[in-house]
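**Q** Requesting a structural model of the entry that follows:
(chains A and B)
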Number of protein chains: 2
Amino acid sequence: MAFDFDYFSPTKVVFGRGAEKRIGELIREFGGSRVLIHYGGKSAVKSGLIDRIKEALDKDGIGHAELGGVVPNPRLSLVYEGINLCREKNIDFILAVGGGSVIDSSKAIGYGLANEGDVWDLFRHVKEAEGCCPVGVVLTIAAAGSETSDSCVITKEDENRKRAYGSNLSRPKFAVMNPELTMTLPDYQTQAGCADIMMHTMERYFTSGGNMELTDAISEGLLRVVMKNAEILHNDPMNYDARAEIMWAGSLSHNTLTGCGNDGGDFSSHMMEHEMGGMFDVTHGAGLTAIWPSWARYCMDSCLERFVKFAQNVMGVSEIGSDRETAEQGIRRMEEFYHRIGMPVNMTELGIAPTDEQIQVMAEETIKAAGGSQGSAKVLNTEDIIKIYHMAK
Amino acid sequence: MAFDFDYFSPTKVVFGRGAEKRIGELIREFGGSRVLIHYGGKSAVKSGLIDRIKEALDKDGIGHAELGGVVPNPRLSLVYEGINLCREKNIDFILAVGGGSVIDSSKAIGYGLANEGDVWDLFRHVKEAEGCCPVGVVLTIAAAGSETSDSCVITKEDENRKRAYGSNLSRPKFAVMNPELTMTLPDYQTQAGCADIMMHTMERYFTSGGNMELTDAISEGLLRVVMKNAEILHNDPMNYDARAEIMWAGSLSHNTLTGCGNDGGDFSSHMMEHEMGGMFDVTHGAGLTAIWPSWARYCMDSCLERFVKFAQNVMGVSEIGSDRETAEQGIRRMEEFYHRIGMPVNMTELGIAPTDEQIQVMAEETIKAAGGSQGSAKVLNTEDIIKIYHMAK
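**A** Reported below is the predicted structural model:
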């Protein structure tokens, strides 16, 4: 049974070696004339990428300002700084050079420029955006999928609040995707990115109520390809083709293609990881692999058919046994895969040890952020989430 | 090895039961205020669909004119009529209600409205489009994929010339896709549509030089899903879920997703079928299945690896044998599938019997339309194409 769905993924993807040379042409195509180059740490500068981009803009006669310093869990204070800078410099286009954090910070600045009042009001969900200054992307990390997605997650650091806002208005106009730009990423970050990419599809795969065969086939194929190429990169980080597979999978995994006809997805693992990330300093993708096996074992009886299909079509389980045994075997093989790429399968391996009180707080915050109960594969309440956190210790 | 690629598929898809109720909102979202409702034969009127659409527009206060009469291989004369009507009525949005022919006719009218001079100059490739009046779609036939594609094929009937023009400018703003609207289609049209959908992916699959694993996985999954659901519809034409799978596959098969990282595709079967369609009155999808097995056998040695992969991952061939035997077995199973859904596997079954002279003309025209040689799986010249046509008799 297929649910009704909307699908809208208008971002123009320019994929391949040297693709960043085309940014001047792309910015003009989407109406930009004065650009903010927004980026994170020093690696984008040290690698010469920022200079190459400035040269390309200069050559095309496109004015630019720049703002670096975006950190993981991008901060509201820098968003405010970006908004002020853009107003001062009459910026009409924001070029994000980086991964999910830089792109999300750029989207938030875009919202701030196109809407009156405090941009945080969007993230507090007390008003809706009426516009967004156009954003383009030069992607340097394959993970978050923000280069084609409608979502934006910002942290208000003085209140330690991480909040999301989604709207088609913020979907990037273009995404320049050169797999070579991801080659210098440390293996742990590469693999955490692969885990995040997979989870964006898995969150949409484990649902109850309705699924399209075509969506399942795409999802299963994507997961198999990411697993294979994550292992290749674990041993051969400079492999261009493997980088290309992972990079393109990152965009398709989170542009909603892998959710068409489903009920919107489960996303409990993401919600639980967000709280772990808020309380402890963990890498998002690693936090996801630390929680998923426990989530899966807790929930599998509620949508056993999906877990069996996953075990067979993604994890290659062909052993004859009960459905529960097949499902468990699929989860176990995913744990083995996580270990092969150096990712944790529980919180101890992740390096955190929350107390009972901390687990209580994280569970309550998960439910609060979800606005009641949470999940589709199995609908979870606070008690369920406490149990899953304990299983994941 | 992955080729560089651009991917741009901005069409907003609204999918599901009753989706056509949202057209007023969608037309407004994309700036339309006075709409041409463009459609084909009487079925859209008799079914009440055109009336429902008019009511929806009236309710939303959107003015409209209408123009029916689009035929398969849509004609330039009606395009001219549409352009004149739109100018007279100050139309700023074209709503195509139908399948590929109606959508292509709408795109051509859109080009005519936004460009000076004779619109046929685009199809003669003597100038490039600078704009296109926006087009939206209410899809009633799953086949051509024009609802998300950039392509447009028009026939200048007085010269019997069928010519294509492609540009991102013409990609529809939205596509309303309600699988229920395809349920009354005769089985032969449904199955010819499925064959066309599959061929849009197969033309991109059989290439030499480069492929992405992710693209292959998506393509193979799409083909398996279409084959399964085509057979379901052959016996149970009112099956909503099967209609939904086929309809969504039709859009994804031709929006370039299944060609990302490939070399652009082969498309020789399409080119040869176009000439058969020009000379004889054949249904496009049936013409494709009549030529493909002969094309495949003629070309398979030139990209045997792809034919083996296809046999194994799409056609389920697991027998042990030489690569040639595996490839041949895959082609044979495709012929068996075509027969199961009532499609021809050669020109005799298609009901045409071209003379040697006619074959000579068709082959020469194929090469002329290709502008030299043709193909990627194997590069074909006139002599090759003559041999394939003879094999397909």
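**Q** What is the three-state secondary structure of the residue nearest the centre of chain A?
**A** Nearest to the mean C-alpha position of chain A, by CA atoms, centre = their mean, lies A:A144 at 2.4 Å. The three-state label given to A:A144 by DSSP: H, G, I helix; E, B strand; the rest coil is coil.
**Q** Make sure it is actually in contact with A:G99.
**A** Yes: with contacts counted by CB atoms under 8 Å, A:A144 reaches A:G99, the gap being 6.0 Å. All C-beta atoms are positioned from the backbone trio N, CA, C, and that covers glycine.
**Q** in chain A, which spans are strands?
**A** Along chain A, counting by DSSP state E, strands occupy A:5-15, A:34-39, A:63-67, A:93-98, A:135-139, A:151-156, A:161-166, A:174-177.
**Q** Give the buried residues for the first one.
**A** Buried residues in strand A:5-15, counting neighbours by 16 or more other CB atoms under 10 Å in any protein chain shown, are found at A:F5, A:Y7, A:F8, A:S9, A:P10, A:T11, A:K12, A:V13, A:V14, A:F15.
**Q** Just want the angle from that strand to strand A:135-139.
**A** Angle, strand A:5-15 to strand A:135-139, by axes from the mean of the first three to the mean of the last three CA atoms, to 10 degrees: 60 degrees.
**Q** related to what we said a few turns ago, can you put the strands of chain A in TSV and add distance to A:N313?
**A** Below are the strands of chain A laid out as TSV (distance: least, CB to CB, whole Å):
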stretch	distance to A:N313
strand A:5-15	22
strand A:34-39	39
strand A:63-67	45
strand A:93-98	34
strand A:135-139	29
strand A:151-156	27
strand A:161-166	29
strand A:174-177	27
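**Q** which one of these has the most crowded surroundings?
**A** Highest mean neighbour count of these: strand A:135-139, a mean of 30 (counted as mean count of other CB atoms under 10 Å in any protein chain shown).
**Q** is it up against chain B anywhere?
**A** No: using CB under 8 Å from any CB of the partner chain, strand A:135-139 stays clear of chain B, coming no nearer than 13.4 Å.
**Q** quick one on the thing from earlier: how close does the residue nearest to the centre of chain A sit to A:I232?
**A** Using CB to CB, to the nearest Å, we find A:A144 at a distance of 21 Å from A:I232.
**Q** Equivalent analysis for A:P72, please.
**A** Counting by CB to CB, the gap from A:P72 to A:I232 is 25 Å.
**Q** before we move on, back to that, which among the strands of chain A is found nearest to B:H390?
**A** strand A:5-15 (40.7 Å; CB to CB).
**Q** do the closest one and chain B meet at all?
**A** Yes: under the criterion of CB under 8 Å from any CB, chain B is reached by strand A:5-15 at A:F5, A:D6, A:Y7, A:F8, A:S9, A:P10, A:K12, A:V13, A:V14, A:F15.
**Q** residues touching the last one, list them.
**A** Right, A:F15. Counting by CB atoms under 8 Å, 6 or more residues apart in numbering or on different chains, A:F15 makes contact with A:M177, A:N178, A:A244, A:M247, A:W248, B:D4, B:F5, B:D6, B:Y7, B:C260, B:G261.
**Q** For my notes, please list those in CSV and give pLDDT and distance to A:M362 for each entry.
**A** What follows is the contacts of A:F15, written out as CSV (pLDDT from 0 to 100; distance: CB to CB, whole Å):
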residue, pLDDT, distance to A:M362
A:M177, 98, 35
A:N178, 97, 38
A:A244, 98, 37
A:M247, 98, 32
A:W248, 98, 34
B:D4, 94, 44
B:F5, 95, 42
B:D6, 95, 43
B:Y7, 96, 39
B:C260, 96, 39
B:G261, 93, 41
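**Q** Any chance of JSON lines for the residues you listed, columns distance to A:A108?
**A** Converted to JSON lines, the contacts of A:F15 look like this (distance: CB to CB, whole Å):
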{"residue": "A:M177", "distance to A:A108": "22"}
{"residue": "A:N178", "distance to A:A108": "25"}
{"residue": "A:A244", "distance to A:A108": "29"}
{"residue": "A:M247", "distance to A:A108": "24"}
{"residue": "A:W248", "distance to A:A108": "26"}
{"residue": "B:D4", "distance to A:A108": "31"}
{"residue": "B:F5", "distance to A:A108": "30"}
{"residue": "B:D6", "distance to A:A108": "28"}
{"residue": "B:Y7", "distance to A:A108": "26"}
{"residue": "B:C260", "distance to A:A108": "30"}
{"residue": "B:G261", "distance to A:A108": "32"}
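**Q** ok, of these, which one's closest to A:E25?
**A** Distances from A:E25 to these, taken by CB to CB, are shortest for B:D6, at 11.5 Å.
**Q** quick one, what contacts the residue nearest to the closest one when sequence neighbours are not counted?
**A** Spatially, and ignoring its direct neighbours in sequence, B:D6 is nearest to A:V14 (5.5 Å; CB to CB, 6 or more residues apart in numbering or on different chains). Each residue near A:V14 by CB under 8 Å, 6+ apart is listed here: A:R22, A:L26, A:F174, A:A175, A:V176, A:M177, B:D6.
**Q** what's the answer for A:R171, then?
**A** A:F8, A:S9, A:P10, A:T11, A:T148, A:S149, A:D150.
**Q** Out of those, which is nearest to A:I291?
**A** Nearest to A:I291 among the contacts of A:R171, with distances taken as CB to CB, is A:S149, at 21.3 Å.
**Q** Please name the nearest non-neighbouring residue to the closest one.
**A** A:H254 (4.9 Å).
**Q** remind me which residues of chain A are low pLDDT?
**A** Under the criterion pLDDT under 70, no range of chain A is flagged.
**Q** That one against chain B: which residues are in contact?
**A** A:1-10, A:12-17, A:19, A:212-214, A:217-218, A:220-222, A:224-225, A:228-229, A:240-241, A:244-245, A:248-249, A:252, A:260-261.
**Q** what about burial for the residues you listed, which qualify?
**A** A:2-3, A:5, A:7-10, A:12-16, A:19, A:212-214, A:217-218, A:220-222, A:224-225, A:229, A:240-241, A:244-245, A:248-249, A:252, A:260-261.
**Q** How is chain A partitioned into domains?
**A** Listed by automatic domain parsing, the domain ranges of chain A are A:12-181, A:186-391.
**Q** ends of the longest one, how far apart?
**A** Start and end residues of domain A:186-391 are separated by 30 Å (CA to CA, to the nearest Å).
**Q** For the longest helix belonging to chain A, name the packing helices and strands.
**A** Across chain A, the longest stretch assigned as helix under DSSP state H is helix A:213-235. Helices and strands touching helix A:213-235, by 3 or more CB pairs under 8 Å, 6 or more residues apart in numbering or on different chains; DSSP states H and E, are helix A:187-205, helix A:240-254, helix A:304-313, helix A:323-340, helix B:213-235, helix B:240-254.
**Q** how about the CA coordinates for the first one, as CSV?
**A** Going back to what we said before, that points to helix A:187-205. The C-alpha trace of helix A:187-205 is given here as CSV (Å, rounded to 0.1, in the frame of the first residue of the first chain):
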residue,chain,number,x,y,z
ASP,A,187,38.7,8.0,8.1
TYR,A,188,36.6,8.3,11.3
GLN,A,189,34.8,11.3,9.7
THR,A,190,34.4,9.5,6.4
GLN,A,191,32.9,6.4,8.1
ALA,A,192,30.7,8.4,10.4
GLY,A,193,29.4,10.1,7.3
CYS,A,194,28.7,6.8,5.6
ALA,A,195,26.8,5.7,8.7
ASP,A,196,24.7,9.0,8.6
ILE,A,197,24.0,8.5,4.9
MET,A,198,22.8,5.0,5.5
MET,A,199,20.7,6.0,8.5
HIS,A,200,18.8,8.7,6.4
THR,A,201,17.5,5.8,4.3
MET,A,202,17.1,3.3,7.1
GLU,A,203,15.0,5.8,9.1
ARG,A,204,12.6,5.9,6.1
TYR,A,205,12.8,2.1,5.5
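**Q** Against A:W292, how distant is A:C299?
**A** As defined by CB to CB, A:C299 lies at a distance of 10 Å from A:W292.
**Q** Among the two, which residue is more densely surrounded?
**A** A count of neighbours by other CB atoms under 10 Å in any protein chain shown puts A:W292 above the other of A:C299 and A:W292, at 28 against 25.
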